[in-house]
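Visitor: I'd like to go over a predicted model; first the sequence, then the structure.
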Amino acid sequence: MTTTVSQARLDLESHERPVVDKRVSAREAVGQVHDRDVLAIGGTLYSRTPMALLFELLRSGRRELTISRSLTCFEADLFFATKTANRLVTSWVGIGLPWGLSPVVRHYVEAGLAEYEEWSHLALGLRFKAGAMGVPFLPTMTMLGSDLARRTQTATVRCPYTDQELLAVPALVPDVTFLHVHRCDIYGNAQIDGYAHMDADMAKASRRVVVSTEEIVETEALIATSDRTILPHFAVDAVVEAPFGAYPHECYGRYEADTRHFDSYVALLREHGPDEGVRLYMEANVLAYDDFAGFLRQVGTERLAELGRAARELTS
Amino acid sequence: MTDTTAEQHAGAQVPPRDVTSEELMTVSASRLLADNRVVFAGVGAPLVASAMARRLQAPNLTIVLEGGIIGTQLRAGQLPVSTNEMRAGYHASMFTDITDIFLYAQRGFFDYGFLGAAQVDRYGNINTSFIGDSEAPKVRLPGSGGANDIISLCNEIFIVTAHERRRFVDRVDFITSPGYLSGGTSRQDSGLAFGRLTKVVTDLALFDFEPETHRMRLRSLQPGVSVEAVKQATGFPLLLADEIDEFAPPTAYEVQLLRELRGSGAVSA
């Protein structure tokens, strides 16, 4: 059973949120996540995914999570095939057209081993926004008339003023949200550059929030660009320093996605099938290392620098 | 179909054998977009067609992408694969968040919604969720993404897709994104008060929708394509407009522009 907005509110009122140093290791941070939790994952598709935190969670042996984000990339494969998650709440899953359908998601969903609960992109965004607003639902005109509304058994409401019929999208309150940001101070004031995705709403809706960051900065360093701060310290529970923490996904202005990494992952699945392909990927990229820094050393500074140059060129 | 802009850039027409069916479809799609409009474009052919239109008849066409991107200019040879990556926002005038960009659509700011389709039926309903029964699917497709929202909330919607019998089905297995549902007034009756699907463009033809029944109706043919060929590639009985005309073939300029955008080399003609 997922948390209601009222429970989430009482939860917030039940504890203080002092201005303290919240830095922890990725390993400590994933301790926030328990079996069967609902985990929201910031960024979207292959942009600003908190990959360092996800890889750590995949090493932790958690079970039966529900994972949710608006567009889901190959992390869904890893979560399903390792049995870390058995339910996905999203609007789309895959890497992108050139890489085709995910054989892993297909296998798990078609065989009934995992559930894919599909919402439209906006409907899912409004579910997080309702949670962020502390209200149990939001009315919208999207998804009406479709089989998505029928299949998710989403109710409609009538406007008490105009009698217009609207879809009533239920709030989604994650137990934990993982985000990756560009910079953050030790208290959790978190800044991003470029695309905001749904991160702020996810985090505000969530019971607990873990932020990984490209760099930890002094609070003073945030002041000149405080319009880019997407979350205040009191909405953040833990801060993890993780340079290149979204790799192989992109981080706006910092590094492009490593599409060669996607290519070799998809080649593994083609050669070995969904389960064995993911097992080999996990072994070589996740389980072989104690932490994300180890994985990045294998990628190499040269490749990371190359992706960095491409990103700066695109955004300058 | 007459097209003055294409004629302005006329020059030589490209011999049909040198143009792929995908290029033909994309060029035709780009001609649907008028200047001074706002288009909410899906990735792939809709986005490429929109980028072409901006460089031809519609320099003030504002391209919006679901990554929260407004007014992107796109860099030739570096088109994005996803609407949420850095390449998608190249030289854009504004970024907002994802939910907000769709709320602009719900508010009614977006003149055009422009989509592809894995499977489409005679009422323009799109399926990108399941092949077969949704409870025990033969194939689990990727899902809606923003397509459901774009088709539900934008003012005028165009679909661009390859014309194959397996795509053009009588009834979609699952309505991911609602066209006219079961026809007639059923779309409006469902609460979708706004938005109308007006055109489906393919590598074989252009369709509109019959005003009463909202059935898809053949309006124009791609150069050299017969009505019979369209019938063969369509999985439902073909409704014909009173007059059926023919698209002007792509000009050398259009094809060159398309290939520059895609980074797929110069036109051979």
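Guide: Good, I have the coordinates. Residues are numbered from 1 along each chain as shown, chains lettered A, B, ... in the order given.
Visitor: in which helix or strand would I find A:A123?
Guide: Assessed by DSSP states H and E, A:A123 sits inside helix A:121-133.
Visitor: Which neighbouring elements make contact with that helix?
Guide: Contacts defined by 3 or more CB pairs under 8 Å, 6 or more residues apart in numbering or on different chains; DSSP states H and E place helix A:121-133 against helix A:5-13, strand A:137-140, strand A:165-170, helix A:199-205, helix B:98-107, helix B:147-153. Every C-beta, even on glycine, is put in place using the N, C-alpha and C of the backbone.
Visitor: do you know which of the ones you listed lies nearest A:F55?
Guide: Comparison of the helices and strands packed on helix A:121-133 against A:F55 by CB to CB identifies helix A:199-205 as nearest, at 19.0 Å.
Visitor: rewinding a little: ranking the helices and strands packed on helix A:121-133 by burial, who's on top?
Guide: Highest mean neighbour count of the helices and strands packed on helix A:121-133: helix B:147-153, a mean of 30 (counted as mean count of other CB atoms under 10 Å in any protein chain shown).
Visitor: For that one, give me every contacting residue.
Guide: Residues from elsewhere that reach helix B:147-153, judged by CB atoms under 8 Å, 6 or more residues apart in numbering or on different chains: A:91, A:120-123, A:141-146, A:148, B:40, B:42, B:66, B:102, B:105-106, B:110, B:113-115, B:126, B:128, B:157, B:176-179, B:192, B:194-195, B:197.
Visitor: of those residues, buried ones?
Guide: Buried members of those, counted by 16 or more other CB atoms under 10 Å in any protein chain shown: A:91, A:120-123, A:141-146, A:148, B:40, B:42, B:66, B:102, B:105-106, B:110, B:113-115, B:126, B:128, B:157, B:176-179, B:192, B:195, B:197.
Visitor: In helices, which of the contacts of helix B:147-153 appear?
Guide: The helices, defined by DSSP state H, take in A:H121, A:L122, A:A123, A:L148, B:F102, B:A105, B:Q106 from the contacts of helix B:147-153.
Visitor: So which of the residues you listed is the closest to A:P248?
Guide: Set against A:P248, the nearest of these by CB to CB is A:H121 (23.0 Å).
Visitor: State the distance from the closest one to B:E212.
Guide: Distance, A:H121 to B:E212, using CB to CB, to the nearest Å: 32 Å.
Visitor: Which residue ranges of chain A form helices?
Guide: Secondary structure of chain A (DSSP H): helices at A:5-13, A:26-29, A:51-59, A:75-81, A:103-110, A:121-133, A:147-151, A:199-205, A:220-223, A:259-272, A:274-282, A:292-299, A:301-315.
Visitor: for the third one, which positions count as buried?
Guide: Along helix A:51-59, the positions that meet the burial threshold by neighbour count (16+ other CB under 10 Å) are A:M51, A:A52, A:L53, A:L54, A:F55, A:E56, A:L57, A:L58, A:R59.
Visitor: Now do the contacts for the second one.
Guide: Contacts here follow CB under 8 Å, 6+ apart; on that basis A:A52 touches A:A26, A:H180, A:S212, A:V240, A:A242, A:G245, A:A246, A:F292.
Visitor: and if we set it to 7 Å?
Guide: Going by CB atoms under 7 Å, 6 or more residues apart in numbering or on different chains, A:A52 touches A:A26, A:S212, A:A242, A:G245, A:F292.
Visitor: export those to TSV and tack on neighbour count, distance to chain B and pLDDT?
Guide: Listed next are these as TSV, based on neighbours: other CB atoms under 10 Å in any protein chain shown; distance: CB to the nearest CB, whole Å; pLDDT from 0 to 100:
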residue	neighbour count	distance to chain B	pLDDT
A:A26	26	24	98
A:S212	28	19	98
A:A242	28	19	98
A:G245	27	17	98
A:F292	24	21	98
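Visitor: Nearest to A:A8 among those?
Guide: Distance to A:A8 across the contacts of A:A52 (CB to CB) is lowest for A:S212, with 22.5 Å.
Visitor: what's next to the helix holding A:A123, contact-wise?
Guide: With CB under 7 Å, 6+ apart as the contact definition, helix A:121-133 has outside contacts at A:5, A:8, A:70, A:90-91, A:119, A:136-138, A:140, A:142-143, A:169-173, A:198, A:201-202, A:204-205, B:66, B:98-99, B:102, B:144-146, B:149.
Visitor: Residue nearest the middle of chain A, spatially speaking?
Guide: Taking CA atoms, centre = their mean, the centroid of chain A lies closest to A:I41, which sits 1.4 Å from it.
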